[in-house]
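Q: Pasting a predicted model and its sequence here:
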Amino acid sequence: MSRETIGKVSAAELYRRYVWLADTINSYGPITLRDIREKWAGSCLSDGRDNLPARTFQRYLEAIETMFGIDVECNRYNEYYIVNQDDFFGGGMKKWILESMSLSNTLRESVSLKDRIMFEEVPSGQKHLATIIGAMREGVRIIIRHHSYWRNDVADVEVDPYALRIFSRRWYLIGYSHRRNAMRTFALDRIESVEKTFREFEMPEDFSVKEYFRGYYGIITDAGKVETVDIRVTGNQQQYLRSLPLHPSQTEIRKEKDWSVFRFRLRPTFDFRQELLSRGANLEVLSPEWFRQQMADEIRAMARLYESPAAGADEADECGD
């Protein structure tokens with residue numbers, strides 16, 4: 001990259017341009033340079049002046065290969081396409097980062113709509129991310145001050161930070177707890193402080209956060225065997241499950257006019273049960289029988305709450321007068 005280019009465009013702006021190009025080729029490819037230039041001219045990144053010269057285009061291609069590992073080639077029709085699209089866009093952190101930056105570019109072009117786009121907030125645990133990621137990169141232990149909701153106490157815990165995961169609007173730290181001498185998962189919004197130490201740790205060579213959670217619905221990793229869970233779904237919930245599967249193992253094994261049966265292979269943990277309960281009367285667990293009964297017990301307990309007037313309702317009425 002020439003000094004002239006660096007002098008005209010900031011590093012942040014260059015990064016946004018790389019993301020834009022990768023996203024454009026992924027979305028519209030195979031695509032010719034002429035078509036790329038047309039889309040470039042209509043984007044806010046061009047600023048109405050830069051027509052994306054061939055040399056600049058080639059530099060951007062080299063940059064996205066170096067930074068993102070995206071391999072772009074040109075076919076015999078002079079169309080550009082991503083060679084390793086399945087590998088790169090199949091999931092993982094790079095995909096998440098690229099999609100986030102692509103969304104940032106889109107919103108930047110639509111700043112006039114800022115009061116018409118609403119995002120879902122993630123609790124404040126994000127403030128600890130930089131320290132934890134730094135410790136993961138350096139391979140050193142951290143000491144976290146953790147507030148347990150279950151025991152209602154606060155404790156300092158020395159942890160080998162193995163991995164991070166975001167699930168249901170919360171960030172989680174997965175690591176080896178030297179207090180429990182076992183693997184533990186900590187919600188970042190329950191961590192009051194994080195301090196890096198100088199004590200190094202060794203990551204197990206065979207550890208994979210994806211494999212660690214394989215067979216589980218969410219963040220809870222209670223003991224138990226993998227089961228085949230069949231659920232019967234009615235109404236619009238069928239379409240919701242088809243468009244956004246609850247788990248990678250989800251398959252649709254039967255489809256009728258008004259209902260469908262979906263099958264899962266996982267450990268039916270507490271958070272999976274809560275997710276199914278949130279679907280209301282449109283979902284019925286068929287098997288295994290013990291899990292069906294567990295769901296039924298929970299539903300009966302919920303129903304009992306509504307068999308009599310709400311506790312404290314009279315006091316609430318008095319406060320409102």
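A: Here it is on my side, so go on. Numbering: from 1, shown residues only.
Q: Residue 153: neighbouring residues, count only.
A: 9 (other C-beta atoms under 10 Å). C-beta here means a position set from N, CA and C on the backbone, and glycine is covered the same way.
Q: Who's the closest spatial neighbour of it, skipping the chain neighbours?
A: residue 147 (7.7 Å; C-beta to C-beta, 6 or more residues apart in numbering).
Q: Give me the distance between that neighbour and residue 176.
A: 20 Å (C-beta to C-beta, to the nearest Å).
Q: Compare those two (neighbour count), which wins?
A: When residue 147 and residue 176 are compared for neighbours, residue 176 comes out ahead with 19 against 16, by other C-beta under 10 Å.
Q: Excluding chain neighbours, what is closest to residue 139?
A: Nearest non-adjacent residue to residue 139 (C-beta to C-beta, 6+ apart): residue 200, at 5.4 Å.
Q: Pull the contacting residues for that neighbour.
A: Applying C-beta atoms under 8 Å, 6 or more residues apart in numbering, we find residue 200 in contact with 139-141.
Q: ok, what's across the strand from it?
A: residue 140 (DSSP bridges).
Q: Mind listing residues that contact stretch 271-282?
A: 216-220, 231, 233-237, 246-247, 266, 283, 285, 291, 294-295, 298-299.
Q: Now with 10 Å, please.
A: For stretch 271-282, contacts defined as C-beta atoms under 10 Å, 6 or more residues apart in numbering pick out 167-168, 216-220, 222, 229, 231-238, 240-241, 246-247, 259, 264, 266, 268-269, 283-285, 291, 294-295, 298-299, 302.
Q: Buried ones among the residues you listed?
A: 216-220, 229, 231-233, 237-238, 241, 246-247, 264, 266, 268-269, 283-285, 291, 295 (16 or more other C-beta atoms under 10 Å).
Q: Show only the entries of the residues you listed found in strands.
A: 229, 231-233, 264, 266, 283-285 (DSSP state E).
Q: out of the residues you listed, which one sits closest to residue 310?
A: residue 283 (26.0 Å; C-beta to C-beta).
Q: Tell me the pLDDT of that closest one.
A: Predicted confidence (pLDDT) for residue 283: 95.
Q: how close does the residue nearest to residue 153 sit to residue 301?
A: 28 Å.
Q: Off-centre distance for whichever strand in the chain runs longest?
A: Taking DSSP E as the criterion, the chain has its longest strand at strand 153-167. With C-alpha atoms, centre = their mean, to the nearest Å as the basis, strand 153-167 stands 18 Å off its chain's centre.
Q: Stretch 236-247 too?
A: The mean C-alpha position of stretch 236-247 is separated from the chain mean by 17 Å, C-alpha atoms, centre = their mean.
Q: Can you get me the start-to-end distance on that stretch?
A: Start and end residues of stretch 236-247 are separated by 18 Å (C-alpha to C-alpha, to the nearest Å).
Q: Leaving out sequence neighbours, find the closest residue to residue 287.
A: Nearest to residue 287 is residue 230, by C-beta to C-beta, 6+ apart, at 4.9 Å.
Q: Quick check on residue 191: phi, psi?
A: As for residue 191, its main-chain torsions (degrees, to the nearest 10) stand at phi -100, psi 120.
Q: Return the residues in contact with the spatially closest residue to it that is not a sequence neighbour.
A: Using C-beta to C-beta, 6+ apart and skipping residues adjacent in sequence, the residue nearest residue 191 is residue 144, 5.0 Å away. Residue 144 sits next to 128, 131-132, 155-159, 161, 173, 175, 177, 186, 188, 190-195 when contact means C-beta under 10 Å, 6+ apart.
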